[in-house]
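Take a look and give me a structure for this.
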Amino acid sequence: MNTIGSRKLAGAVLSSTLNDLKGYVKLLGMNPKERVADGAMDGILDIKRFVRSQWFEDLCSLADVDIGYMKEKIQEVLDDN
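Numbering: from 1, shown residues only. The predicted structure is shown next:
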């Protein structure tokens with residue numbers, strides 16, 4: 001894979017992470033006491049672990065995305081709930 005393709009793929013993974021998080025937060029807000037909320041919470045926790053991982057940092061670097069900016073955006077989604 002060439003550098004441009006790698007950069008686009010890394011960016012797509014980061015974008016998907018943010019979109020998935022928004023979906024989980026929305027699902028959790030709509031169904032806070034139902035069983036589906038457990039799955040949403042698991043998804044949120046998985047994303048939180050991912051954001052603390054070296055892989056996340058590597059993807060941000062590869063995609064030329066500021067790690068602090070990306071973490072800030074993720075925190076904004078979590079805080080909006």
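
ok, the residue nearest the centre of the chain - contacts?
Using C-alpha atoms, centre = their mean, the residue of the chain that lies closest to the mean C-alpha position is residue 17, 3.0 Å off. Residues touching residue 17, when contacts are defined by C-beta atoms under 8 Å, 6 or more residues apart in numbering, comprise 47, 50-51, 74. For glycine as for every other residue, the C-beta is placed from the backbone atoms N, C-alpha and C.

Taking those residues, tell me the two that lie furthest apart.
Between all members of the contacts of residue 17, the longest pairwise span (C-beta to C-beta) is found for 50 and 74 and amounts to 9.6 Å.

the more surrounded of those two?
Counted by other C-beta atoms under 10 Å, residue 50 and residue 74 do not tie: residue 74 has more neighbours, with 20 against 16.

contacts for the helix or strand that one falls within?
Following DSSP states H and E, one finds residue 74 within helix 67-79. Contacting residues not belonging to helix 67-79 are listed as 14, 17-18, 21-22, 25, 44, 47, 51, 56-57, 60-61 [C-beta under 8 Å, 6+ apart].
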